[in-house]
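quick one, structure for this:
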Amino acid sequence: MTDYSKIVIATANLHKLKEIRQILSGLPVQLLSLQDYPEIPPIIEGGETFQENAWIKAKTVFHHTGLLSLADDSGLEVYALNGSPGVYSARFAGSEKNDLKNNKKLLNLLNEVPGNSRTAQFRCVVSIIGPDTEEFVEGFVRGKIADSPKGTAGFGYDPLFIPEGYHQTFAELGADIKNRMSHRALAFQAARKIIEKYILQPPI
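Residues are numbered from 1 along each chain as shown. So this is what the prediction gives:
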């Protein structure tokens with residue numbers, strides 16, 4: 001019988017895990033992560049879309065745990081670069097997933113792109129998989145890429161991304177503001193509604 005008091009978030013990324021736990025705080029469930037299941041082998045994100053990668057991660061974790069599993073795949077899509085780095089956002093500058101190198105490569109590629117053409121969006125797809133359920137939700141936030149890194153909060157491309165309606169980067173705005181309006185916040189807020197319904201009316 002499935003334990004509906006536990007949910008596994010399919011990530012070992014401490015920054016992402018902290019962010020998701022803040023967004024899902026208050027739910028009457030225990031939020032676990034891949035750190036709680038070291039026996040689960042490394043998950044290869046071989047999909048060509050955010051949805052495929054999110055599904056691969058959630059499906060793998062559900063297979064190993066039998067618990068309701070959430071996974072997201074997200075990234076930065078820069079219009080001047082035809083949507084890159086996209087699904088390769090985390091490993092844009094190499095497989096070691098180095099934020100500083102990723103940001104440096106992005107700035108180099110946009111070196112001669114004027115400010116009004118540096119538009120971009122962060123996009124996040126969340127896969128929710130459990131017994132008799134398989135759903136996807138999505139969130140995105142539009143903005144532009146700064147000329148240089150600014151701010152010390154956040155991670156990834158946060159020091160470069162200026163969301164619409166603001167003059168500061170996510171890294172300058174801080175977690176409280178970011179977690180209300182970021183792509184991941186919007187996607188997991190939508191996921192939260194599904195989880196709440198799932199807890200109240202679990203599959204028979």
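
now for residue 46: which residues touch it?
The neighbourhood of residue 46, defined by CB atoms under 8 Å, 6 or more residues apart in numbering, consists of 53, 56. For every residue, glycine as well, the C-beta is placed using N, CA and C.

for residue 110, see how far away it is.
Per CB to CB, to the nearest Å, residue 46 is found 28 Å from residue 110.

can you give me the helices in this structure?
Using DSSP state H, the helices found in the chain span residues 14-23, 50-65, 99-109, 170-173, 175-181, 183-200.

buried ones in the first one?
Of the residues in helix 14-23, those buried by neighbour count under the rule 16 or more other CB atoms under 10 Å are 16-17, 19-20, 23.

pLDDT value on the residue most central in space within the chain, please?
The geometric centre of the chain, computed from its C-alpha atoms, lies nearest to residue 74 (CA atoms, centre = their mean), at 4.3 Å. Per-residue confidence at residue 74 stands at 93 (pLDDT).

that one against residue 87, yeah?
No - under the criterion of CB atoms under 8 Å, residue 74 lies out of contact with residue 87, with a separation of 9.3 Å.

before we move on, the earlier item: got the buried residues of helix 14-23 as a markdown table, with pLDDT and distance to residue 106 columns?
Output for the buried residues of helix 14-23, formatted as a markdown table (pLDDT from 0 to 100; distance: CB to CB, whole Å):
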| residue | pLDDT | distance to residue 106 |
| --- | --- | --- |
| 16 | 82 | 19 |
| 17 | 87 | 24 |
| 19 | 83 | 21 |
| 20 | 87 | 24 |
| 23 | 84 | 26 |
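
looking at these, which is nearest residue 197?
residue 23 (17.0 Å; CB to CB).

how much space separates the nearest residue to the closest one once chain neighbours are set aside from residue 70?
Excluding its sequence neighbours, the residue lying closest to residue 23 (CB to CB, 6 or more residues apart in numbering) is residue 188, at 4.5 Å. Summarising the geometry, the distance separating residue 188 from residue 70, computed by CB to CB, is 8 Å.

now do the shared contacts for the two.
Taking CB under 8 Å, 6+ apart as the contact definition, residue 188 and residue 70 share the neighbouring residues 20, 126.

between those two, which is the more surrounded one?
When residue 188 and residue 70 are compared for neighbours, residue 70 comes out ahead with 29 against 25, by other CB atoms under 10 Å.

quick one: low-confidence parts of the protein?
Counting by pLDDT under 70, the chain shows low-confidence ranges at 1-2, 201-204.

which residues are in contact with stretch 147-154?
Outside of stretch 147-154, the residues within contact range by CB under 8 Å, 6+ apart are 15, 103, 107, 115, 158-160, 168-175, 178.

who touches both of residue 74 and residue 87?
With contacts taken as CB under 8 Å, 6+ apart, residue 74 and residue 87 have residue 50 as neighbours in common.

residue contacts, the residue nearest to the centre of the chain?
For residue 74, the contacting residues are 50, 89, 122-125, 183-184, 187, taking CB under 8 Å, 6+ apart as the criterion.
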